[in-house]
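1. Can you look at this prediction? I've put the sequence above it.
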Amino acid sequence: MQTVESQVEQGALRMSGGREYGRLPRPSLKYTEEVARETAPLYEKVKHHIPEIEWPVHAPYVYAINKLKRQRNATILAHNYQTPEIYHCVADIAGDSLQLAMEATRVEADIIVQCGVHFMAETSKLLNPDKTILIPDLKAGCSLADSITGEDVRLLREANPGVPIVTYVNTSADVKAESDICCTSSNAVAVVESFGVDKVLLIPDEYLAQNVALQTDVKILTWKGHCEVHERFTADELLAYKDADPAIQIIAHPECPTEVTGVADFTGSTKGMIDFALGQKPGAKVLLVTECSMASNIQEQAPGVEFIKPCNLCPHMKRITLPKILDSLLEMKEEVIVDPQMAEKARRSVERMVNLKN
């Protein structure tokens, strides 16, 4: 006779759209010789960031997750701000928010596990409506995305008739649905200028909008939304690093205040920051003015560069952990659903950006 537990184990997990996925047994999380052997090459990528004594805690999760990915036909996407054991050891694709969304349209897997924050998972769903999108923690939000709602955008449109609304991709599907077009930090100037008008709303990141305004003659109307990681940096803090060592190259994200980008040697998107850092000669010292896990993650690609980390962590990104990724694959949770009507409108805003000829 089957026990209740075994009956549940053999049951199915029903997802939206009627899809069913079989339940899988919970794997052992012991640090065995097999686990040690199979994960040894991965540890080489993170050994400078994870002490050897801690690896036996991470390795069983890494081993189990990589095995489950194959069983589920799943692909794991990880943002640059994820911790090294996620970024280097279980992610199939890593990048910034737009890179991940675009790469997701190219993968053949049935399931995408988004290791980032909720708006990223929503964007992946917008661009991949037929795939199952999971996020390991639904509470992985974003202070910037939470600063504005679709209703706010509707009110902005009423107050500014005829003014195009450009929305940063770091927003909810609800906000994207009420906008004319989306932008990223790397293409914001081109998107703003694409309308050929003298005034544009660029929302919700006030600092991104202010930094864009310095690069165009278009009048930029702003919203007081901020990233809680980037808004904490100050010019005085960075100048103190420069005073201590004038050779340090300061690389800032445009979500930082203009006083910060004003003292930086380079300002660019997440991808732009990485490309700039990787282009430095061995022996160079680089200060990345962004979430500090990014420096740890790209160190492997630039072993000769010394990264200085003024360590501001994103508490939302750090809600994603190896145990939660494992549970997500085992239990097929948490699925990200977007209302079809909202999704259609939001997808249009994203696709307009993607199809924009710069």
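-> Thanks, I have the structure now. No experiment lies behind these values; they were computed from the predicted model shown.

2. Is the residue lying closest to L29 once chain neighbours are set aside within a helix or a strand, and which one?
-> Nearest non-adjacent residue to L29, counting by Cβ to Cβ, 6 or more residues apart in numbering: P60, 4.1 Å away. All C-beta spots, glycine's among them, are computed from the backbone N, C-alpha and C. Element membership of P60, judged by DSSP states H and E, is helix 55-72.

3. now for that helix, which elements pack on it?
-> helix 33-46, strand 74-79, helix 322-331 (3 or more Cβ pairs under 8 Å, 6 or more residues apart in numbering; DSSP states H and E).

4. Now for the residue nearest to Q299 when sequence neighbours are not counted: which residues touch it?
-> Nearest residue to Q299 in three dimensions, chain neighbours excluded: F307, at 6.0 Å (Cβ to Cβ, 6+ apart). By Cβ atoms under 8 Å, 6 or more residues apart in numbering, F307 lies in contact with 277, 285-288, 295-296, 298-299.

5. thinking again about what came up before, most packed of the helices and strands packed on helix 55-72?
-> Mean neighbour count, computed with mean count of other Cβ atoms under 10 Å, is highest for strand 74-79 among the helices and strands packed on helix 55-72, reaching a mean of 25.

6. Out of the contacts of F307, grab the one that's most surrounded.
-> A295 (26 neighbours; other Cβ atoms under 10 Å).

7. That one: what secondary structure?
-> helix (DSSP: H, G, I helix; E, B strand; the rest coil).

8. where are the low-confidence patches of this protein?
-> 1-11, 357-358 (pLDDT under 70).

9. Which residue ranges of it form strands?
-> 12-14, 20-22, 74-79, 93-95, 111-115, 132-134, 165-168, 181-183, 199-203, 219-221, 249-252, 266-267, 285-289, 306-308 (DSSP state E).

10. Switch these over to a markdown table; also include distance to D243.
-> Output for the strands of the chain, formatted as a markdown table (distance: least, Cβ to Cβ, whole Å):
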| stretch | distance to D243 |
| --- | --- |
| strand 12-14 | 57 |
| strand 20-22 | 57 |
| strand 74-79 | 33 |
| strand 93-95 | 34 |
| strand 111-115 | 38 |
| strand 132-134 | 47 |
| strand 165-168 | 33 |
| strand 181-183 | 35 |
| strand 199-203 | 34 |
| strand 219-221 | 33 |
| strand 249-252 | 12 |
| strand 266-267 | 19 |
| strand 285-289 | 13 |
| strand 306-308 | 13 |
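
11. just these: most buried one?
-> strand 111-115 (a mean of 28).

12. Return the list of strands paired to that strand, each annotated with direction.
-> strand 74-79 (parallel), strand 132-134 (parallel) (DSSP bridges).
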